[in-house]
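> Okay, predicted coordinates and the sequence, questions at the end:
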Amino acid sequence: MMDASREDVLAYMAFPKDHWAQIASTNPLERVNKEIKRRADVIGIFPNDAAVVRLVGALMLEQNDEWAVSRRYMTLETLGSVSHNPMVSLPALAA
């Protein structure tokens with residue numbers, strides 16, 4: 001099975017070495033899960049499934065905005081070297 005999934009297991013090696021630690025880390029995921037649990041504990045009992053979806057969806061949107069604007073998990077400059085598309089313009093992506 002490992003031989004068959006060799007490409008998937010070693011996919012991280014296509015990224016610059018500077019990013020390998022971020023790719024291997026589950027800290028951001030654990031932080032998001034902890035925040036969802038914290039907010040769900042405050043509410044206690046949800047009236048229906050849609051309420052859970054709204055809460056988690058709102059938290060995911062909030063997290064996405066935070067990572068897109070204030071935190072750069074990986075810099076666009078170093079990720080630009082990974083792109084196989086010569087038409088990608090990093091200043092346009094940053095705007």
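Everything's here; your move.
> Run through who's touching the one helix or strand residue 7 maps to.
Using DSSP states H and E, residue 7 sits in helix 6-9. The contact list for helix 6-9, computed with C-beta atoms under 8 Å, 6 or more residues apart in numbering, reads residue 2. Any C-beta I mention is one placed from the backbone N, CA and C, and that applies to glycine too.
> Just the mean pLDDT for the following helix or strand past that helix, thanks.
Downstream of helix 6-9, the first helix or strand assigned by DSSP H and E is helix 20-24. For helix 20-24, mean pLDDT is 81.
> so after helix 20-24, what's the next helix or strand?
Next along the chain after helix 20-24, with elements defined by DSSP H and E, is helix 27-43.
> Check which helices and strands that next one sits against.
helix 49-69 (3 or more C-beta pairs under 8 Å, 6 or more residues apart in numbering; DSSP states H and E).
> Need the CA coordinates for the helix it packs on. PDB is fine.
C-alpha atoms of helix 49-69 as PDB (Å, rounded to 0.1, in the frame of the first residue of the first chain):
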ATOM      1  CA  ASP A  49     -28.500  20.700  12.600                       C
ATOM      2  CA  ALA A  50     -28.700  24.000  10.700                       C
ATOM      3  CA  ALA A  51     -27.700  25.900  13.900                       C
ATOM      4  CA  VAL A  52     -24.500  23.800  14.100                       C
ATOM      5  CA  VAL A  53     -23.700  24.400  10.400                       C
ATOM      6  CA  ARG A  54     -24.200  28.200  10.900                       C
ATOM      7  CA  LEU A  55     -21.900  28.300  13.900                       C
ATOM      8  CA  VAL A  56     -19.100  26.200  12.200                       C
ATOM      9  CA  GLY A  57     -19.600  28.000   8.900                       C
ATOM     10  CA  ALA A  58     -19.200  31.400  10.600                       C
ATOM     11  CA  LEU A  59     -16.100  30.300  12.400                       C
ATOM     12  CA  MET A  60     -14.600  28.900   9.200                       C
ATOM     13  CA  LEU A  61     -15.300  32.200   7.300                       C
ATOM     14  CA  GLU A  62     -13.800  34.100  10.200                       C
ATOM     15  CA  GLN A  63     -10.700  31.900  10.200                       C
ATOM     16  CA  ASN A  64     -10.400  32.200   6.400                       C
ATOM     17  CA  ASP A  65     -10.500  36.000   6.600                       C
ATOM     18  CA  GLU A  66      -7.900  36.100   9.300                       C
ATOM     19  CA  TRP A  67      -5.500  33.800   7.500                       C
ATOM     20  CA  ALA A  68      -6.100  35.600   4.100                       C
ATOM     21  CA  VAL A  69      -5.500  39.100   5.600                       C
END
